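# turn this into a structure:
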Amino acid sequence: MESLGEMLKAWPGGKSMNDQAEQKLRELMADPLVERLFVKHPELDERAVRMNMNRVYQYVNEYRNCSNCPGLNNCPNDFEGHYTLLSCETVNDQVQLIDRKVSCKKFLARRSEEQIKNRIRSFYVDETALNNGYSADEILFNDPKRTEAAYQILAYIDKTKEEGLQKEGLYLAGKFGTGKTFLMCYLLHELAKAGYSGAIVYMPEFVEDLKSMMHDQTKLRETVEMMKETDLLIFDDIGAENLNPWVRDHVLGSILNYRMNRKPTLYTSNYELDALERHFSFTSKDGDEQYKGERLMNRIKPYVEVVMVTGENKRGRK
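Now for the predicted structure:
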């Protein structure tokens, strides 16, 4: 029986093809990456490389692509964000090359960021703050007047990472535009990296949307259950909404009643706690109901640490 080499030589152009294959083999054998492969696996021989030229070529080619990475979105490798890694196994006294796909650092970083984003849900909040990324230096030094509040946020993050979810949340109070929402989004992002789920809810629009949910009980139930069960729940700009008794007593009250002593609820507000209680005590429908305001505040005040956020109004700045 003729060997494959003899058959190639017999075909028109076969000798040329065989010569090209031999040239490619010599180039591969001389490649520094393949030389290191021989050092790492002394059992490897030229026969194994010859039998697995496609694997070896892909291994070398994808390594070069990664060394000159054009970015994950322009990855030239066969499997985006992955490269070929070779190892050796000896089976029946024969050395075999085994290839496997390995995720690159850029792919792992993107997947990690996607997992972080998937742990956070936002309702009616501008997601720019959630998606732009953060640094501790930016949080601490962007506004020196806000530094003390920023340290309290960082301390809460560290405590949660060390001890697990706290029963006590945070209540960020301060004037317009001082960065309360920004600080809360940073907190969510950092704790999402630690594996915690979270939701941030812009209260004025959420309360308005609840009115339409009255006619969609399935959506209302799913929304309330999610807010009860998420690890971290932030009510953003609480006190700016136009409350009605149903929202206050049956929706907000139900969520807070479930979460107290279970999971932390956090808030941002332009009101301090006493002023927020007065806000809860009055509705356009039933007027002043101090008892009901006190009842709701009894589900907030004992379960938060108050953080006063001072600083300049940053809205509208470029």
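# give me the nearest residue to residue 226, chain neighbours excluded.
In this structure, residue 226 finds its nearest non-sequential neighbour in residue 199, 6.8 Å apart by Cβ to Cβ, 6 or more residues apart in numbering. Using the backbone N, CA and C atoms, a C-beta is placed for each residue, glycine as well.
# now do residue 203
Once flanking residues are discounted, residue 203 sits nearest to residue 241: 4.5 Å by Cβ to Cβ, 6+ apart.
# what strand or helix carries the spatially most central residue of the chain?
For the chain, residue 116 is the residue whose C-alpha lies nearest the centre (Cα atoms, centre = their mean; 1.6 Å). Using DSSP states H and E, residue 116 sits within helix 105-118.
# so what touches that helix?
Helix 105-118 has contacts (Cβ atoms under 8 Å, 6 or more residues apart in numbering) with 69, 71-72, 80-82, 103, 130-131, 189, 192-193.
# again, but for stretch 154-170
With Cβ under 8 Å, 6+ apart, stretch 154-170 has contacts from 136, 139-140, 152-153, 187, 190-191, 194, 196, 231-232, 260-267, 303-305, 307.
# try it again at 7 Å.
136, 187, 190-191, 194, 231, 261, 263-266, 303-305, 307 (Cβ atoms under 7 Å, 6 or more residues apart in numbering).
# end to end, how far does that stretch reach?
With Cα to Cα, to the nearest Å applied, stretch 154-170 spans 12 Å between its terminal residues.
# tell me which residues of it are tucked away?
For stretch 154-170, the neighbour count (16 or more other Cβ atoms under 10 Å) marks 154, 156-157, 160, 168-170 as buried.
# can you redo these as JSON lines with distance to residue 29?
Listed next are the buried residues of stretch 154-170 as JSON lines, based on distance: Cβ to Cβ, whole Å:
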{"residue": "154", "distance to residue 29": "55"}
{"residue": "156", "distance to residue 29": "59"}
{"residue": "157", "distance to residue 29": "54"}
{"residue": "160", "distance to residue 29": "55"}
{"residue": "168", "distance to residue 29": "66"}
{"residue": "169", "distance to residue 29": "64"}
{"residue": "170", "distance to residue 29": "63"}
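# quick check: residue 75 touching residue 81?
Yes - applying Cβ atoms under 7 Å, one finds residue 75 in contact with residue 81, separated by 5.9 Å.
# what about the strands in the stretch 1-150 of the chain?
For the stretch 1-150 of the chain, the strands defined by DSSP state E, counting those that start in this stretch cover 82-91, 94-103, 120-123.
# which of the ones you listed sits most buried?
Compared across the strands of the stretch 1-150 of the chain, strand 120-123 shows the largest average neighbour count, a mean of 20 (mean count of other Cβ atoms under 10 Å).
# I'd like the average pLDDT over stretch 52-67.
For stretch 52-67, mean pLDDT rounds to 88.
# again with stretch 178-185
Stretch 178-185 comes out at a mean pLDDT of 90.
# return the set of buried residues in it.
178-185.
# the residues you listed in helices, which ones?
Mapping the buried residues of stretch 178-185 onto helices (DSSP state H) picks out 180-185.
# among the residues you listed, which one lies nearest to residue 203?
Taking Cβ to Cβ as the measure, residue 203 lies nearest residue 181 of these, at 11.3 Å.
# the residue nearest to residue 80 when sequence neighbours are not counted: how many residues sit nearby?
Among residues not flanking residue 80 along the chain, residue 72 sits closest, at 7.0 Å (Cβ to Cβ, 6+ apart). By other Cβ atoms under 10 Å, 14 other residues sit near residue 72.
# state the distance from residue 72 to residue 60.
21 Å (Cβ to Cβ, to the nearest Å).
# related to what we said a few turns ago, how about the contacts of helix 105-118, which pair is most distant?
Maximum pairwise distance in the contacts of helix 105-118, criterion Cβ to Cβ, is 28.3 Å, between 82 and 130.
# flag every buried residue along the helix holding residue 116.
Buried residues in helix 105-118 (16+ other Cβ under 10 Å): 106-107, 116.
# and residue 222, what element?
Using DSSP H and E, residue 222 maps to helix 217-229.
# how about residue 154?
Per DSSP H and E: helix 147-163 holds residue 154.
# quick check: next helix or strand after that helix?
Going down the chain from helix 147-163, the next helix or strand is strand 169-174, by DSSP H and E.
# adjacent strands (with direction) for that next one?
With DSSP bridges as the test, strand 169-174 is paired with strand 265-269 (parallel), strand 304-309 (parallel).
# quick one: average pLDDT of that strand?
On average, strand 169-174 scores 96.
# and that strand with helix 147-163, angle?
Using axes from the mean of the first three to the mean of the last three Cα atoms, to 10 degrees, the inter-axis angle of strand 169-174 relative to helix 147-163 is 170 degrees.
# centre of the chain to strand 169-174, how far?
The chain centre lies 24 Å from the centre of strand 169-174; the measure is Cα atoms, centre = their mean, to the nearest Å.
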